[in-house]
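Undergrad: next come a sequence and a model predicted from it.
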Amino acid sequence: MEGDTLLYSRLLTFVTLGFHIVFATLGVGVPVMISLAEWVGIRRKDPHYVLMARRWSRGFVITVAVGVVTGTCIGMQLSLLWPRFMQAAGHVISLPMFLEIFAFFLEAIFLGIYMYTWDRFRPIVHWLLTLPVVIGSSASAFFITTVNAFMNTPQGFTLQNGQFVDVDPWAAMWNPATPSKVAHVLASAYLTSAFLLGSIAAFRLLQGRDHPYYRKALRFTMAASLVFAVATVVAGDWSGKFLAEHQPEKLAAAEWHFETKPRAELIVGGVLDPETGEVAYALRIPWALSILAHGHPDAVVTGLDAIPREQWPPLFVHYVFDAMVLIGFYTVLVPIAYFGYIWRKRAVPRLVLRLIVWGGPLAMLAIELGWIYAEVGRQPWILRGYMKTAEAVTTSEGVGLMLVLFSLLYIVLAAVAAFVLLRLFRNKPLEAELEERRVIL
Amino acid sequence: MSLALVGITVLWVFLYGYLIVASIDFGAGFFSFYGKWTGKGAVINDVIDRYLSPVWEVTNVFLVFFLVGLVGFFPDAAYYYGEALLIPGSVALILLAIRGSFYAFANYGARESTLFLFLYGMSGLFIPAALSTVLTISEGGFIIEQGGRVVFLANELLTSPYSWSVVLLALVSVLFISASFLTYYASRAEDQEALEVLRSFALFWSLPTIFAGFLVFVTLREHNPQHFHAMLDVSWMFVASMGCFLVALGLLMRRKAYGMAFLFVMLQYAFAFFGYGVSHLPYLLYPYVTITGSVTSPAMGQALIAAFVGGLALLIPSLWLLLRLFLFDARYVKGLRP
Ligand code: HDD
Ligand code: HEM
Ligand code: HEM
């Protein structure tokens, strides 16, 4: 029974966070795109871009609502499922959680104002309202990510007889994992949002709705995607270097790197024999892991042999990590291909449009994979080096039933949200809205 | 003031804020369902929509603030409640989730669906009932420590007269606070028809709040005599609450100064809520958790308070802007502006 409670609690956390992160990512990234589009529209006096901001923001409120609802679920579930962890967290890392609420407040208030004042202010004043929304949502991502970083590299306290003493909230927040993690999380959220909006435009173009609005939207979102994709990959590389230094077991598990050595090769894909630790059918890139981990081919990379066996993370994270990195390169290459055609003033082939359509969902998949890697790769620890996941779990019974109930809730929410979004854009197709607002081409 | 006292004061003020804004919202959900059912829907829904749409998200943040603040200021209290309340907490969350998503969906047409409206209206009654039981639980006797484990006695809670009177008080309060606010809003909108309907709701639910309040007093005396006597020590606060209620009722009956009437309703609840809170101290959970025993370290406490002050400096001007645009702008309220 005890074991089941742990398993179900982990599953419930996984389901809730995995669901929340879809909407949270959009909640962080889409305001940036809305703000950029409205600004471009005002600067170039091009109503198409303003209309983009308008249509995106209308869909955005729906995703925000689901984000808020599921976020409230996490906030409370953490206390309900992991009371001992939250007790510890409360003592040491509650400052950023507290600050996050103010960031939400700021975002919530100005989003409400923004949505209901399209025709009440001068355009530039209305655009200014996007700034607190962007700042609020990115700041909330920053704060919550510092909490997660703290779980990976806890610091800012001393543990004495089970009590947390000498607490330094500032040091806990600025732990070694914070910089690279925040950079990667923010960049990937912007990337995913830009690419998803691009997917929609490409989808319309493929359907034959060949309106200049869609071509502008595609070009605009692809330019943003390219910038954010490069930033994501650079920040991801930084995250890898961070891991090599501070959390070597996580990197070693992802790379199936068993033996500590210099000039380490990078293993991509493959099949592992769990008995012997032999890897078959893999692509091997000499020196690449040493370069990835420390920026130098001669550098020594810590392997799993340096870690006690019972503290190894699950080894399947190798595939999760590889898939994320693959998608990372995809999101860089596809926009480059697209701009290749644009710059040579050639028609963009349907194949490239199709690849763009796939890019949005794939980026979202990479977000999920990234988090699964980051969280599963931390196991068996919940607070690395201090508290095991099994020690933190609730002693209540009934977690299994709650897992069923919440899963049902998320299925319903996902279905209704999809239904409402589809209906929203079908009831107000672009062409009708252009006419209604008398946007002249 | 000690850190523990500052912390609990901050949290209590926010809980009071949530009590008011959430009651307005929960009650409005019930009234729109009731309106649709009895055919008076069109009249009041317009008023309700125009106020609720822009502020819906803000309400929820008040609750999250309280939850996170509790973890921050009193981590041990969060531990006790978290360990014990898995099932009731989860049920309340699911209700909140259904309701929260309704807002956004409603803006795009789902409000016409009676099923949705039904869920919206009913969750607006069940949530306050569920949340108010946390206050009941804090009185002790429902969470006990047994062999190192924290156990929640659900049966005790379900058979306790005190617990049911608190639920009753929560329900009638929600409807009263909401109706008196919406009456004020309708009067600002100069929507005579809606005003009449909402005013009659407010009057209808006014006396039951006092009755339920008495019931809570009487049953608390049985359940937790210690707290009951502490309440008698600050009885002036409850008398003041009663006085504010009478003023509000008088204004409503004489069709005068609806804004002032709502202000007095807020004061009525402020006095009662803070009277209850002050006499509850130092306990956060009878008899296990006190504010001084569970408070966080001084370093964290100071950081939280600094964050709080900074946050307020940002928040108050923003909230003021929001209210000015959507509550005090007569042309928006009347529906003349988009
Ligand atoms: C669009 C999403 C996306 C894409 C394309 C990538 N990542 Fe990523 N990655 C994330 C989204 C993400 C994430 C969801 O943001 C994670 C999860 C936890 C975190 O800190 O960021 C993450 C975690 C994460 C970690 C673990 C960090 C930690 O646990 O502290 C590493 C080492 C990388 N990534 C590296 C990369 C590399 C080298 C990439 C490409 C070449 C890459 N990621 C592409
Ligand atoms: C990097 C990961 C995360 C990001 C980017 C993120 C971002 C967001 C966003 C954008 C929202 C919507 C808020 C709004 O628009 O007002 C939200 C809601 C919320 N999130 Fe997350 N979140 C993340 C992970 C988490 C985690 C792990 C927790 C729990 C500790 C959490 C707790 C919450 C809460 C409590 C809310 C609801 C706040 C409200 O009621 O307004 N989030 N989150
Ligand atoms: C928003 C981004 C996040 C996502 C998508 C995410 C995802 C996950 C996943 C997939 C698991 C399951 C891992 C497993 O059981 O093997 C997990 C576990 C967990 N996460 Fe995260 N996480 C995020 C951030 C956070 C943050 C910021 C916190 C703390 C405030 C947190 C606290 C936890 C806890 C307590 C568990 C359960 C214990 C465990 O299994 O390690 N997570 N999370």
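TA: Nice, I can see it. Ligands and ions are numbered 1, 2, ... in the order given.

Undergrad: give me the distance between the residue lying farthest from the centre of chain B and ligand 3.
TA: Largest separation from the mean C-alpha position in chain B: B:G147, at 35.3 Å (Cα atoms, centre = their mean). To ligand 3, B:G147 is 25 Å away according to Cβ to the nearest ligand atom, to the nearest Å. From N, CA and C alone the C-beta is placed, and that goes for glycine too.

Undergrad: and that residue, how far from A:T395?
TA: 10 Å (Cβ to Cβ, to the nearest Å).

Undergrad: again, but for A:H318
TA: Taking Cβ to Cβ, one finds A:H318 at 34 Å from A:T395.

Undergrad: then A:L99?
TA: In terms of Cβ to Cβ, A:L99 sits 31 Å off from A:T395.

Undergrad: what about the chain, any weak spots by pLDDT?
TA: Looking at chain A here, since you left the chain open. A:1-3, A:427-428, A:431-441 (pLDDT under 70).

Undergrad: chain B, not that one
TA: Checking chain B against pLDDT under 70 turns up B:1, B:39-44, B:46-47, B:49-57, B:103-104, B:106-113, B:327-338.

Undergrad: closest residue of it to chain A?
TA: B:P75 (2.8 Å; Cβ to the nearest Cβ).

Undergrad: isn't that residue right up against A:I93?
TA: No. Counting by Cβ atoms under 8 Å, B:P75 does not reach A:I93; the two are 10.5 Å apart.

Undergrad: how far does stretch B:194-202 sit from its chain's centre?
TA: Counting by Cα atoms, centre = their mean, to the nearest Å, stretch B:194-202 is centred 21 Å from the centre of its parent chain.

Undergrad: got the buried residues for that stretch?
TA: Across stretch B:194-202, burial judged by 16 or more other Cβ atoms under 10 Å in any protein chain shown covers B:194-195, B:197-199, B:201-202.

Undergrad: now it - C-alpha only, CSV.
TA: In CSV, the C-alpha atoms belonging to stretch B:194-202 read as follows (Å, rounded to 0.1, in the frame of the first residue of the first chain):
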residue,chain,number,x,y,z
ALA,B,194,-31.9,44.4,-12.8
LEU,B,195,-31.6,46.7,-9.8
GLU,B,196,-35.1,45.6,-8.6
VAL,B,197,-34.4,41.9,-9.0
LEU,B,198,-31.0,42.1,-7.4
ARG,B,199,-32.2,44.3,-4.5
SER,B,200,-34.9,41.7,-3.7
PHE,B,201,-32.2,39.0,-3.6
ALA,B,202,-30.1,41.1,-1.2
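
Undergrad: and the stretch 301-441 of chain A, which residues reach chain B?
TA: Applying Cβ under 8 Å from any Cβ of the partner chain, we find that the stretch 301-441 of chain A lies next to chain B at A:394-396, A:398-399, A:401-402, A:405-406, A:409, A:413, A:416-417, A:420, A:423-424, A:427.

Undergrad: please, which helix or strand holds the closest residue to B:F26 other than its chain neighbours?
TA: In this structure, B:F26 finds its nearest non-sequential neighbour in B:G124, 3.8 Å apart by Cβ to Cβ, 6 or more residues apart in numbering or on different chains. If you go by DSSP states H and E, B:G124 is part of helix B:114-138.

Undergrad: which SS class is the most centrally placed residue in chain A?
TA: Nearest to the geometric centre of chain A sits A:I367, at 4.3 Å (Cα atoms, centre = their mean). Recorded secondary structure, A:I367: helix (DSSP: H, G, I helix; E, B strand; the rest coil).

Undergrad: next one: it from A:A347, what distance?
TA: 32 Å.

Undergrad: about what we covered before: now do the residue of chain B closest to chain A: how many residues are near it, please.
TA: 25 (other Cβ atoms under 10 Å in any protein chain shown).

Undergrad: do the same with the one 10 residues further on
TA: By other Cβ under 10 Å, the residues close to B:L85 number 24.

Undergrad: who touches it in this structure?
TA: B:L85 makes contacts with A:80, B:134, B:137, B:152, as judged by Cβ atoms under 8 Å, 6 or more residues apart in numbering or on different chains.

Undergrad: helix or strand for the residue of chain B found nearest ligand 1, which one?
TA: Residue nearest to ligand 1 within chain B (Cβ to the nearest ligand atom): B:V68, separated by 21.5 Å. According to DSSP H and E, B:V68 maps onto helix B:41-73.

Undergrad: go through whichever helix or strand comes after that helix and flag the buried ones.
TA: Counting by DSSP H and E, the next helix or strand C-terminal to helix B:41-73 is helix B:75-84. Neighbour counts over helix B:75-84 (16+ other Cβ under 10 Å) mark B:75-84 as buried.

Undergrad: hey, which helix is longest across the chain?
TA: This is for chain A. Criterion DSSP state H: the longest helix present in chain A is helix A:2-44.

Undergrad: oops, chain B please
TA: Secondary structure of chain B per DSSP H: the longest helix is helix B:3-38.

Undergrad: so which elements touch that one?
TA: Where contact means 3 or more Cβ pairs under 8 Å, 6 or more residues apart in numbering or on different chains; DSSP states H and E, helix B:3-38 is packed against helix B:41-73, helix B:114-138, helix B:161-188, helix B:192-223, helix B:258-280, helix B:291-294, helix B:298-326.

Undergrad: just these: most buried one?
TA: Most buried of those by mean neighbour count (mean count of other Cβ atoms under 10 Å in any protein chain shown) is helix B:161-188; its value is a mean of 24.

Undergrad: for that one, packing partners?
TA: For helix B:161-188, the elements it packs on are helix B:3-38, helix B:41-73, helix B:114-138, helix B:192-223, helix B:235-253, helix B:258-280, helix B:330-333, judged by 3+ Cβ pairs under 8 Å, 6+ apart.

Undergrad: check whether whatever helix or strand comes next after the third one contacts chain A.
TA: Following helix B:114-138 in sequence order, the next helix or strand is strand B:143-146 (DSSP H and E). No. Shown here: strand B:143-146 not in contact with chain A (Cβ under 8 Å from any Cβ), separated by at least 10.6 Å.

Undergrad: now strand B:143-146, how far from the centre of its chain.
TA: With Cα atoms, centre = their mean, you get 28 Å for strand B:143-146.

Undergrad: cool, and stretch A:21-28?
TA: 7 Å.

Undergrad: C-alpha coordinates for that stretch, CSV please?
TA: Extracted in CSV, the C-alpha atoms of stretch A:21-28 (Å, rounded to 0.1, in the frame of the first residue of the first chain):
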residue,chain,number,x,y,z
ILE,A,21,3.3,22.9,-18.7
VAL,A,22,1.6,22.9,-22.1
PHE,A,23,-0.5,25.9,-21.1
ALA,A,24,2.2,27.5,-18.9
THR,A,25,4.6,27.5,-21.9
LEU,A,26,2.0,29.2,-24.1
GLY,A,27,1.3,31.6,-21.2
VAL,A,28,4.9,32.7,-21.2
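
Undergrad: is that stretch positioned near ligand 1?
TA: No. Stretch A:21-28 is not in contact with ligand 1 by Cβ under 6 Å from any ligand atom; minimum separation 7.5 Å.

Undergrad: check the secondary structure at A:R284 for me.
TA: Following three-state DSSP, we place A:R284 in the strand state.

Undergrad: wait, isn't it in contact with A:I267?
TA: Yes. Assessed by Cβ under 8 Å, A:R284 is found in contact with A:I267 at 5.9 Å.

Undergrad: which one of the two has more residues nearby?
TA: The neighbour count for A:R284 versus A:I267, taken as other Cβ under 10 Å, is higher for A:I267 (20 against 13).

Undergrad: where's that one relative to B:I48, distance?
TA: Remark: distance between A:I267 and B:I48 (Cβ to Cβ) = 61 Å.

Undergrad: and A:L218, by the same measure?
TA: Shown here: A:L218 relative to B:I48, a distance of 41 Å by Cβ to Cβ.
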